[in-house]
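>>> Next come a sequence and a model predicted from it.
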2 protein chains.
Amino acid sequence: MLNEPMSSLSQNCSDCPIRHRAVCARCDGDELSKLEDMKYYRTFQAGQTIVWSGDRMDFVGSVVSGIATLSQTMEDGRTQMVGLMLPSDFIGRPGRTTSAYNVVATTDVVMCCFRKKPFESMIERTPHIAHRLLEMTLDELDAAREWMLVLGRKTAREKIASLLSIIARRDAALQLQGTYGPLVFDLPLTREAMADYLGLTLETVSRQMSALKRDGVIELQGKRHVTVPDFNRLMEEAGDDSDGGVLV
Amino acid sequence: MLNEPMSSLSQNCSDCPIRHRAVCARCDGDELSKLEDMKYYRTFQAGQTIVWSGDRMDFVGSVVSGIATLSQTMEDGRTQMVGLMLPSDFIGRPGRTTSAYNVVATTDVVMCCFRKKPFESMIERTPHIAHRLLEMTLDELDAAREWMLVLGRKTAREKIASLLSIIARRDAALQLQGTYGPLVFDLPLTREAMADYLGLTLETVSRQMSALKRDGVIELQGKRHVTVPDFNRLMEEAGDDSDGGVLV
DNA sequence: TAAGGGCTTTGACCCAGATCAACATGCGAA
DNA sequence: TTCGCATGTTGATCTGGGTCAAAGCCCTTA
């Protein structure tokens, strides 16, 4: 099912929406045209599994649009989300043949893919790519460590507030909303996915969402559409220094 | 306090104990001698803070011996360990001037340091270093994600067993003990540090250690010296696939 | 227009792990 | 040899979040 986002995509890297943030961000025109020759697009429907943990993965690539999740599962079914992949994020690890995680499309997803072998040899020859990939990996590591604090030490209410502030912040950055005034966004995750993200049950997620609504920290239109009247209030609820709260 | 490990250290990279695992692992003789000119050793006593979160950090470097921890703290004092730095691990992030974490020496630590600026420009010119650093960062990211599953979804008993199996596995790899037969090692962490690692209280750690001992999963000589009679049993207690349990 | 199936909310109850408190152990300094 | 302090253990009690269960709310399909 090639849907709208796919067909509206330019094949031309130079006006790709993630051109300036993805692995290719630092490439010059020459490098970019090499990548352009190698790349191909793939689309995945909401709910579709992109790769299973342990499966062979013969491509790597960037999320162009949509949202995917990385998760780990124990034999008895307990699952923990370990990564939330947004547009420009890179999926797949050079130098490894199998996926360590389940990668699932949460919304419809378009990826800009490269076959793994050619991409790996491209990395060897192109420091710009290697360098950008290092930078992105270091950022992901920082995000993972922030998340570890959330998982290990925060209360359920703080966890929910933390997740909301992450999504609100990202959305504001994307849409260039100002820091002040109410923030408005749609939750891209079900209650269950939020629970898997935060190490909670979906019932607890639901209860805490209701509690934050009751206390005026957020407003809900429907299940997924959220308004945050006061971002600093949300940051306080998340247990973060409200000072560092400059958006972007 | 220049203590024994320091004075017994060779200044010569070619017989450095972490030569084949650290950032410099892939360097050829030429590159290595450049690094050799830049490097300097620093020692830290057990308990000493190497850098505070938020502080300027004008060096980066490898742990040569000893153990350091990375941790994050909330205003009210809740703390979560987010990294356990062992010999050959790299501390500090190129391209960032301040530390995002508290870095603390858990035992006496020797580091092989480089001033940040020269090291960064060395990276630019030396793909071998950049590539190795990327590889190490990806490994750390995998470890962080494994840890997220532990923090988010495992019970206290499973958490303790997970930590013990990580330390046991590492020790076995270092000392080339066989996979079979009992594993013996010393815990490099206090009960409190274990708690900070696992998102528990120190009381719970103590109770679960006692329980694992009572159930014959581990034996304790003193508080810190641990014997694991059956590694697969420990893996089962950790809730991991006991199959993948090949050491190293 | 109804029926069925995701997703979400809410209630009642329970329990793993936190909290509070007392005590034990072991080690370095005086 | 004892004192003091850091580290660790164990007990009693409390509670945040899990578990189990029942509905509610949409949206799609018939």
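Structure received.

>>> Compute the inter-axis angle for whichever helix in chain A runs longest and helix B:127-153.
As assigned by DSSP state H, the longest helix anywhere in chain A is helix A:127-153. Orientation of helix A:127-153 against helix B:127-153 (axes from the mean of the first three to the mean of the last three Cα atoms, to 10 degrees) gives an angle of 20 degrees.

>>> And DNA strand D, is the helix or strand that helix A:127-153 is followed by touching that?
Next in sequence after helix A:127-153, counting helices and strands by DSSP states H and E, comes helix A:156-175. Yes. For helix A:156-175 and DNA strand D, the contact criterion (Cβ under 7 Å from any atom of the strand) is met by A:156-157. Using the backbone N, CA and C atoms, a C-beta is placed for each residue, glycine as well.

>>> average pLDDT for helix A:156-175?
What helix A:156-175 shows for mean pLDDT is 91.

>>> How about stretch A:85-102?
Averaging pLDDT along stretch A:85-102 yields 96.

>>> Next, the buried residues of that stretch.
Residues A:85-94, A:99-102 are the ones in stretch A:85-102 that count as buried (16 or more other Cβ atoms under 10 Å in any protein chain shown).

>>> between these, which is nearest A:Ser65?
Checking the buried residues of stretch A:85-102 against A:Ser65 with Cβ to Cβ, the nearest one is A:Pro87 at 5.6 Å.

>>> Now stretch A:88-104 - C-alpha only, CSV.
Taking C-alpha atoms only, stretch A:88-104 is exported to CSV below (Å, rounded to 0.1, in the frame of the first residue of the first chain):
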residue,chain,number,x,y,z
SER,A,88,15.7,11.5,10.8
ASP,A,89,16.6,8.8,13.4
PHE,A,90,18.7,5.9,12.1
ILE,A,91,17.7,2.3,12.3
GLY,A,92,20.1,-0.6,12.1
ARG,A,93,23.6,-1.1,13.3
PRO,A,94,26.5,-1.2,10.9
GLY,A,95,28.7,-4.1,11.7
ARG,A,96,26.0,-6.4,13.0
THR,A,97,23.9,-8.8,10.9
THR,A,98,20.9,-9.3,13.1
SER,A,99,18.5,-6.9,14.9
ALA,A,100,18.8,-6.9,18.7
TYR,A,101,15.3,-5.5,19.0
ASN,A,102,11.8,-5.7,17.7
VAL,A,103,11.3,-2.7,15.4
VAL,A,104,7.6,-1.8,14.9
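
>>> angle of the longest helix of chain A against helix B:156-175?
Using the same axes, to 10 degrees: helix A:127-153 against helix B:156-175 is 140 degrees.

>>> Could you check helix A:127-153 against chain B for contacts?
Yes. Using Cβ under 8 Å from any Cβ of the partner chain, helix A:127-153 reaches chain B at A:127, A:130-131, A:133-135, A:137-138, A:140-142, A:144-149, A:151-153.

>>> average pLDDT across that helix?
The average pLDDT for helix A:127-153 rounds to 97.

>>> Could you check how far it is from the centre of its chain?
12 Å (Cα atoms, centre = their mean, to the nearest Å).

>>> and what of stretch A:47-59?
So, by Cα atoms, centre = their mean, the centroid of stretch A:47-59 is 17 Å from its chain's centroid.

>>> Whether it contacts DNA strand D - can you check?
No. Using Cβ under 7 Å from any atom of the strand, stretch A:47-59 stays clear of DNA strand D, coming no nearer than 13.3 Å.

>>> CA atoms only: put that stretch into PDB for me.
Taking Å, rounded to 0.1, in the frame of the first residue of the first chain, the C-alpha atoms of stretch A:47-59 are listed here in PDB:
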ATOM      1  CA  GLY A  47       1.200  -1.800  13.400                       C
ATOM      2  CA  GLN A  48       3.500  -3.600  11.000                       C
ATOM      3  CA  THR A  49       6.700  -5.100  12.300                       C
ATOM      4  CA  ILE A  50       9.800  -3.800  10.500                       C
ATOM      5  CA  VAL A  51      12.200  -6.400  11.900                       C
ATOM      6  CA  TRP A  52      11.900  -9.000  14.600                       C
ATOM      7  CA  SER A  53      14.600  -9.200  17.300                       C
ATOM      8  CA  GLY A  54      17.100 -11.800  16.300                       C
ATOM      9  CA  ASP A  55      16.200 -11.700  12.600                       C
ATOM     10  CA  ARG A  56      18.700 -11.000   9.900                       C
ATOM     11  CA  MET A  57      18.600  -7.400   8.800                       C
ATOM     12  CA  ASP A  58      20.200  -6.700   5.500                       C
ATOM     13  CA  PHE A  59      19.400  -3.000   5.400                       C
END
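
>>> what about that stretch, near chain B?
No. Interface with chain B: stretch A:47-59 contributes nothing (Cβ under 8 Å from any Cβ), its closest point being 9.8 Å away.

>>> Give me the residues contacting that stretch.
Stretch A:47-59 has contacts (Cβ atoms under 8 Å, 6 or more residues apart in numbering or on different chains) with A:42, A:44, A:68, A:72-73, A:91-92, A:97-106, A:109, A:111, A:113-117.

>>> now swap in stretch A:189-196 and tell me
Contact with stretch A:189-196 is made by A:69, A:71, A:79-81, A:106, A:160, A:163, A:187, A:197, A:200-202, A:204-206, A:209, A:223, as judged by Cβ under 8 Å, 6+ apart.

>>> What about those, which are in strands?
Judged by DSSP state E, strands contain the following of these: A:69, A:71, A:79-81.

>>> okay if I get these as CSV plus distance to DNA strand C and pLDDT?
Output for the ones in strands among the contacts of stretch A:189-196, formatted as CSV (distance: Cβ to the nearest atom of the strand, whole Å; pLDDT from 0 to 100):
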residue, distance to DNA strand C, pLDDT
A:Thr69, 13, 97
A:Ser71, 15, 97
A:Thr79, 14, 97
A:Gln80, 14, 98
A:Met81, 14, 98
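
>>> Please list which of these also come close to chain B.
A:79-80.

>>> ranking the ones in strands among the contacts of stretch A:189-196 by neighbours, who comes first?
A:Met81 (26 neighbours; other Cβ atoms under 10 Å in any protein chain shown).
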